[in-house]
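Asks: Give me a model of this one.
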Amino acid sequence: MSRRSDGMYLEHMLEASQKAISLTENLSRADYDADEVLRLALAHIVQTIGEAARLVSSETRALHLNVPWAAIVGMRHKVVHDYMHVRYDILWETVRQDLPVLTELLRSEGLSVEREGPPTQESQ
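Replies: Numbers count the residues shown, from 1 in each chain. Prediction:
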């Protein structure tokens, strides 16, 4: 996997994390519990973060051991493969507690897209 592709996946992780945080920042747990559409949207966002993390190369993951790669991908697997038993209390905790930490890790470790101009045919 190229560093450019890794950068794209890392950017997806960051953007999706920020979106989930934004959707819940002014909500109470009661608001969350009452909004099925929000819970389903957040489950999808967490799935997206996990899929992007899964696609980051092992080389890049090895350079950033502070990022809990296995836990992120594991959460994705839980949401996708055990979708009938998603624990929405855990999803709430993930969005409210873990994603702000992940967002800060992605920023502080300098994990972002390395844009070098428009994508070429080879990089697509």
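
Asks: the helices in the protein, which residues?
Replies: Ranges of helices within the chain are 3-24, 29-34, 36-55, 58-63, 69-81, 88-93, 99-108, based on DSSP state H.

Asks: looking at the ones you listed, which one has the lowest mean pLDDT?
Replies: Here the helices of the chain differ in mean pLDDT, and the lowest is helix 69-81 at a mean of 88.

Asks: residues in contact with it?
Replies: 13, 43, 46-47, 49-51, 53-54, 56, 61, 86, 91, 94, 102 (C-beta atoms under 8 Å, 6 or more residues apart in numbering). In this view, the C-beta of every residue, glycine as well, is placed from N, C-alpha and C.

Asks: can you rerun that using 7 Å?
Replies: 43, 46-47, 49-51, 53-54, 61, 86, 94 (C-beta atoms under 7 Å, 6 or more residues apart in numbering).

Asks: Pick out the most distant pair among those.
Replies: Maximum pairwise distance among the contacts of helix 69-81 (C-beta to C-beta): 25.2 Å, between R61 and V86.

Asks: Give me the more crowded residue out of those two.
Replies: More crowded of R61 and V86, by other C-beta atoms under 10 Å: V86, with 19 against 16.

Asks: Spell out which residues sit in contact with the more buried one, please.
Replies: Here V86 is in contact with 43, 79 (C-beta under 7 Å, 6+ apart).

Asks: just T60 next, same as before
Replies: Residues near T60 by C-beta under 7 Å, 6+ apart: D6.

Asks: Generate a PyMOL selection restricted to the buried subset of the contacts of helix 69-81.
Replies: Only the buried entries of the contacts of helix 69-81 go into this PyMOL selection, using 16 or more other C-beta atoms under 10 Å:
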select buried, resi 43+46+47+49+50+51+53+61+86+94
